[in-house]
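1. no sequence on hand, only this structure:
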């Protein structure tokens, strides 16, 4: 049981609370309701596998950086709680589950399935050469609503709503990754790790984050105008905007802003989509 808990911590199971509402939002938006149960299960399996692979790869690629950072030295790989071979097996299991689920969904999903894996490998390296690395994390999660949509449609036709949701996700996640990076401002600057916070300072980086979240909210508003226009969807749009605003008011408490408030943002985006579909 202790080992399972360690594995769960290694792949940050709780972070699936960010990605799953987005995958489901894309799928429900495509189906204009609940996809059939078999497909829904396959989408969830693909999401679990992809998320496991992404977090595992991130931990493996960054293990030396984590080892030299006092904040992260206690993580599973640097501390020796998990051996590299175990980490590779976890990643391999995630990729296998993801690939099988993609194969069973439809041909197009299977053919496109390597794209997220390439992004998952590349984005941890971005912090080694560009302060725009936050957009790599954003891109990784921005593929979630697109994946959910394509899994239902098995086509790229009419993908505009999912594309808007995907760009919303890119700005939202990139913005909150900047907030998260404030935890390592001094370490990143001294060790040569790139981030907007290390390059331009905390205050300026948080300003960029706020602009990104404003753009994210405007994209969600555009989705409301083009797809829903219901009173209930409008209410949840406003609630989502409020939590994006609150995230910046509480940015000095990174645990609250990054984790707890963002879970609520993801949850209310999904409720916004559902209310637009069902409560017109």
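-> Great, that's in hand. All of these numbers come straight from a predicted model, not from anything done at the bench. Numbers count the residues shown, from 1 in each chain.
2. how about low-confidence regions in the stretch 1-150 of the chain?
-> Low-confidence segments of the stretch 1-150 of the chain (pLDDT under 70): 13-14.
3. one more pass at 50, please.
-> Along the stretch 1-150 of the chain, no part satisfies pLDDT under 50.
4. mind listing residues that contact stretch 255-272?
-> By C-beta atoms under 8 Å, 6 or more residues apart in numbering, the residues outside stretch 255-272 that reach it are 14, 17-22, 24-25, 28, 168, 172, 176, 179-180, 220, 224, 233, 236-237, 239-240, 243-244, 246-248, 250-251. (Glycine included, C-beta is placed from N, CA and C.)
5. ok, now with 6 Å
-> Residues outside stretch 255-272 that contact it (C-beta atoms under 6 Å, 6 or more residues apart in numbering): 17-18, 21, 24-25, 176, 179-180, 233, 236-237, 239-240, 243, 246-247, 250-251.
6. and if you look at stretch 202-221?
-> Residues outside stretch 202-221 that contact it (C-beta under 6 Å, 6+ apart): 164, 167-168, 171-172, 174-175, 178-179, 182, 185, 196-197, 241, 244, 248, 251.
7. before we move on, back to that, of the contacts of stretch 255-272, buried ones?
-> 18, 21, 24-25, 176, 179-180, 233, 236-237, 239-240, 243, 247, 250-251 (16 or more other C-beta atoms under 10 Å).
8. centre-most residue in the chain?
-> Ranked by distance to the mean C-alpha position of the chain (C-alpha atoms, centre = their mean), the top residue is residue 141 at 3.3 Å.
9. who's in contact with residue 43?
-> Going by C-beta under 6 Å, 6+ apart, residue 43 touches 27, 151.
10. can you list contacts of the helix or strand hosting residue 95?
-> Assessed by DSSP states H and E, residue 95 sits inside helix 84-105. If you take C-beta under 6 Å, 6+ apart as the criterion, helix 84-105 is touched by 42, 45-46, 49-50, 52-53, 56-57, 60, 109-110, 113, 151.
11. do you know how far the nearest residue to residue 172 once chain neighbours are set aside is from residue 100?
-> Excluding its sequence neighbours, the residue lying closest to residue 172 (C-beta to C-beta, 6 or more residues apart in numbering) is residue 216, at 4.3 Å. Distance of residue 216 to residue 100, given as C-beta to C-beta, to the nearest Å: 33 Å.
12. the more surrounded of those two?
-> Taking other C-beta atoms under 10 Å, residue 216 and residue 100 do not tie; residue 216 has more neighbours (26 against 15).
13. which helix or which strand is home to the more buried one?
-> Using DSSP H and E, the element containing residue 216 is helix 202-223.
14. what's the angle between the longest helix along the chain and helix 84-105?
-> If you go by DSSP state H, the chain has its longest helix at helix 37-61. On the basis of axes from the mean of the first three to the mean of the last three C-alpha atoms, to 10 degrees, helix 37-61 is oriented at 150 degrees to helix 84-105.
15. same for the next helix or strand after helix 37-61, what does it pack against?
-> Later in the chain than helix 37-61, the nearest helix or strand by DSSP H and E is helix 63-68. Helix 63-68 sits against helix 76-79, with contacts defined as 3 or more C-beta pairs under 6 Å, 6 or more residues apart in numbering; DSSP states H and E.
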